[in-house]
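In: Pasting a predicted model and its sequence here:
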Amino acid sequence: MEDENQNMMPVPDYPTFPLSSYMCLKVLSCNAHLACPFSEAYIDMVPMQNDREDVYFFPLQTLIPKAYSFLSLEANNFTGIRIADPENATEEQKAAFHCLQNFLQNQEDHIKSLQAMRTEVQDATKACYTLAVHLFSQLVPGEQVTINSRMKGIDELPSCPCKCGRKIDIGNTGIGHPKVWHGNPDIVIKTGETTIVVKKNVKDTRGDGPESKKSKLSDEDEEDEDYSFYSVEEGTDIFEYKFQNQLISQTLTNSFVQKNQHGFIKRLVPAIGCTHDNIIVALYDPDRDILLRRVAPISVLEEDSDSFNLLGILEIWRILNLHIVGADLCNLIVTELDQSGFRSQIEARKVLKYYSSAKTDISIGQSQNILPPLLTVMSNVKRGKFIVKGISNK
């Protein structure tokens, strides 16, 4: 057994590190006390910083080491990916891994449809259906994926728009409580209760905050050479103000929903936001009040290539199956993270009881609340440097 495993290694993190890392977010203010849908959520956030305004990045493998150590591969050969400790793997974990294996072995069946979605003009509903069929449902056991029955034009799609003939369940995806944040995520992954929101208009005007252009963050002063925090191509701004608020409000609300349903303690619950070809991930632990979001989006397909971004697929698989492979934050890294302040704000507003009773399958009409001005998560970052926590910088 020792000889068989001597060439095995953990699946590596993204080569684009540290942009593949996650940042810890602090909620300065929000309208979580109002009875409004996710589309009208307002959240003013900043990343976790020290007194010198340095921004901390946390590689995902340091946050959820259990989920990362579940898989191993042979000398960076993705065809040799396997469960690191199969003897102690549960049946649920084996089923999740079997989905990943099948996807990697039959990826050509899905690449063509996702490429067509990226190059052809598709509305959000068709894009949502295509992503559900050819990506999300393929990576979770039982393909337990439901698309929001209230999406515009969903009744006109008897099956996948790519003409493959595959079908997805259409139903009620409602979550939340009528007296606070609530609404219908575009897609719900039943097995892990992950919520997914698809950007409705990929040609929305980009914001003028640092999240939609290159941010000037320097060790010394703003006149130094620019550090490109990340850039987003025209027409695919996944960091657009309103969309980010929608994603984070779903993340926070669904975390309470899942805790109420399953009674877990101190576990991360994920939510995903996506455009036609980019995915962003947010995570929240409602007990520890820790809110995380990926620094830069995951590209599903390699740029100018007829293949999947395999490291990106592995991260998406981990996120979708987080409750199976390990949703617990590393105890050592928890001491390095700041609380978001969201829980204390809803306690102060006396609405925690509503979030503590939030549930699934709710059906509520749209609110008429007026939105306050929207801000980006990086809007207050002017100076400072990036510090990566949990990994040696030698």
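Out: Right, received. Where do you want to start?
In: Does residue 142 fall in a helix, a strand, or a coil region?
Out: Classification of residue 142 by DSSP: H, G, I helix; E, B strand; the rest coil places it in helix.
In: Could you report the pLDDT at it?
Out: Looking at residue 142, its pLDDT reads 84.
In: Residue ranges in the stretch 201-350 of the chain under the pLDDT threshold?
Out: In the predicted model of the stretch 201-350 of the chain, residues 201-236 satisfy pLDDT under 70.
In: hmm, 90 instead?
Out: The model of the stretch 201-350 of the chain has pLDDT under 90 over residues 201-242, 261-264, 275-278, 299, 301-307, 309-311, 332.
In: Now do the helices in it.
Out: For the stretch 201-350 of the chain, applying DSSP state H, counting those that start in this stretch gives helices covering 241-262, 310-320, 322-325, 331-334, 342-348.
In: Of these, give the one that comes closest to residue 26.
Out: Closest to residue 26 of these is helix 342-348 (Cβ to Cβ; 8.9 Å). Using the backbone N, CA and C atoms, a C-beta is placed for each residue, glycine as well.
In: Distance-wise, check the closest residue to residue 259 other than its chain neighbours relative to residue 319.
Out: Leaving out its chain neighbours, the residue that sits closest to residue 259 by Cβ to Cβ, 6 or more residues apart in numbering is residue 286, at 5.2 Å. According to Cβ to Cβ, to the nearest Å, residue 286 stands 17 Å off from residue 319.
In: same check, this time on residue 237
Out: 21 Å.
In: do the same with residue 62
Out: 16 Å.
In: okay, the two: which has more neighbours?
Out: residue 319 (27 against 20; other Cβ atoms under 10 Å).
In: Is the more buried one in contact with residue 272, as I believe?
Out: Yes: with contact defined as Cβ atoms under 8 Å, residue 319 counts as touching residue 272 (6.9 Å).
In: what residue is smack in the middle of the chain?
Out: residue 281 (1.7 Å; Cα atoms, centre = their mean).
In: and the closest residue to that residue other than its chain neighbours, what does it touch?
Out: Nearest non-adjacent residue to residue 281, counting by Cβ to Cβ, 6+ apart: residue 294, 4.6 Å away. Residues near residue 294 by Cβ atoms under 8 Å, 6 or more residues apart in numbering: 20, 21, 22, 280, 281, 282.
In: Report pLDDT for the second one.
Out: In this prediction, residue 21 carries a pLDDT score of 90.
In: Let me know the distance separating it from residue 271.
Out: With Cβ to Cβ as the criterion, residue 21 and residue 271 are 18 Å apart.
In: And for residue 317?
Out: Separation of residue 317 from residue 271 (Cβ to Cβ) stands at 16 Å.
In: and these two? which has more neighbours close in?
Out: A count of neighbours by other Cβ under 10 Å puts residue 271 above the other of residue 317 and residue 271, at 27 against 22.
In: Quick check: beta-bridge partners of the residue nearest to the centre of the chain?
Out: Counting by DSSP bridges, residue 281 is bridged to residue 272.
In: which ones are touching it?
Out: 22, 270, 271, 272, 273, 293, 294, 298, 315, 319.
In: rerun that using 7 Å as the cut-off
Out: 270, 272, 294, 319 (Cβ atoms under 7 Å, 6 or more residues apart in numbering).
In: rewinding a little: mind giving me a markdown table with the contacts of residue 294 and columns for distance to residue 82?
Out: Shown next, in a markdown table, are those (distance: Cβ to Cβ, whole Å):
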| residue | distance to residue 82 |
| --- | --- |
| 20 | 23 |
| 21 | 26 |
| 22 | 26 |
| 280 | 29 |
| 281 | 24 |
| 282 | 29 |
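In: Looking at those, which one is closest to residue 38?
Out: residue 282 (12.5 Å).
In: pretty sure the closest one contacts residue 271?
Out: Yes: between residue 282 and residue 271 there is a contact under Cβ atoms under 7 Å: 5.0 Å.
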